[in-house]
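Asker: 3D model of this:
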Amino acid sequence: MNSLVFIKGILGTDKQPAIDDNGQLIPNGVVFLNPVDKRAIEAALQLAGDSGTVTVASYGEEDVTASALRAGLSMGAQQAITIKSDIQDAKVVPGIILAEAAHQLANYDVIFTGEEAVDDAQGTTGSLIADALKLPYYDNVDELTPVQSDQFAYKMKWSQGTVSGQLKLPAVISVDSTINKPRLPSFKTKIAAKRAQIDTIEI
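Answerer: This next block holds a predicted model:
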């Protein structure tokens with residue numbers, strides 16, 4: 001099973017983030033991987049097993065994305081991709097740019113995202129990607145169990161209750177913060193992640 005996981009680096013709050021002339025954040029504080037994105041990576045790693053691959057990809061300021069991507073590599077992802085684009089329309093960016101990145105990368109059976117970022121509680125990234133790629137979308141996924149090679153039983157967790165069913169790949173899945181417990185990187189994987197190459201694609 002080959003998975004593509006879109007992740008986000010978050011600027012820490014120990015310093016006041018600065019804004020450049022284009023309204024973009026200038027990284028000047030601690031950067032960490034969005035917590036629920038760790039669970040998306042963990043879900044992908046569990047599906048990959050011994051023969052599958054996990055690719056992490058991130059769009060944003062280079063220093064911020066690099067930190068998040070290396071965190072993903074230290075968890076066990078095999079490839080890391082920085083996404084660059086000159087498109088400035090904030091309404092277009094989440095859907096079109098990330099979907100085009102997925103289109104260029106191509107080699108995936110499933111796309112994972114976290115439910116939402118801690119610095120932006122809209123939780124729309126997964127749905128925008130799915131809409132642009134014309135793929136089925138499953139939100140707030142709390143359980144994911146293989147049934148066949150391309151079919152999974154799922155449970156979606158909502159405030160009103162849960163929804164269960166089966167899904168067929170390819171699909172876009174946004175995971176809930178309770179779907180799993182992410183593995184902790186070892187010293188060896190942290191060192192390997194520091195030395196790993198981060199590839200770049202331009203949209």
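
Asker: what residue ranges in this protein score low on pLDDT?
Answerer: Across the chain, residues meeting the criterion (pLDDT under 70) sit at 12-29, 88-93, 121.

Asker: Could you pick out the longest strand of it?
Answerer: strand 137-148 (DSSP state E).

Asker: Packing partners of the very next helix or strand once past that one?
Answerer: Remark: after strand 137-148, the chain's next helix or strand is strand 151-158, criterion DSSP states H and E. With contacts taken as 3 or more CB pairs under 8 Å, 6 or more residues apart in numbering; DSSP states H and E, strand 151-158 sits against strand 137-148, strand 161-168. C-betas here are computed from N, CA, C, even on glycine.

Asker: winner for burial among those?
Answerer: Using mean count of other CB atoms under 10 Å, the stretch among the helices and strands packed on strand 151-158 with the largest mean neighbour count is strand 137-148, at a mean of 17.

Asker: How about Gly165, nearest residue that isn't a chain neighbour?
Answerer: With CB to CB, 6 or more residues apart in numbering as the criterion, Gly165 has its nearest non-adjacent residue at 6.2 Å, and that residue is Tyr154.

Asker: That neighbour: what's it in contact with?
Answerer: Tyr154 makes contact with Tyr138, Val141, Glu143, Leu144, Thr145, Ser164, Gly165, Gln166, Leu167, Ile173 under the criterion CB atoms under 8 Å, 6 or more residues apart in numbering.

Asker: Tell me which two of these sit farthest apart.
Answerer: Using CB to CB, the pair of those lying farthest apart is Ser164 and Ile173, separated by 14.3 Å.

Asker: which residues in this protein form strands?
Answerer: With DSSP E as the criterion, the chain has strands at 2-6, 9-11, 18-19, 25-26, 31-33, 53-59, 79-84, 110-114, 137-148, 151-158, 161-168, 171-175, 199-202.

Asker: tell me what the longest strand of the chain is packed against?
Answerer: Packed next to strand 137-148, using 3+ CB pairs under 8 Å, 6+ apart, are helix 35-48, helix 125-133, strand 151-158, strand 161-168, strand 171-175.

Asker: Give the buried residues for the first one.
Answerer: Translated: helix 35-48. By 16 or more other CB atoms under 10 Å, the buried positions in helix 35-48 come out as 36-48.

Asker: Just the closest of those residues to Ala80, please.
Answerer: Comparing the buried residues of helix 35-48 against Ala80 with CB to CB places Ile41 closest, at 11.1 Å.

Asker: my guess is that closest one meets Leu4, correct?
Answerer: No - contact criterion CB atoms under 8 Å: Ile41 and Leu4 do not qualify, at 11.0 Å.
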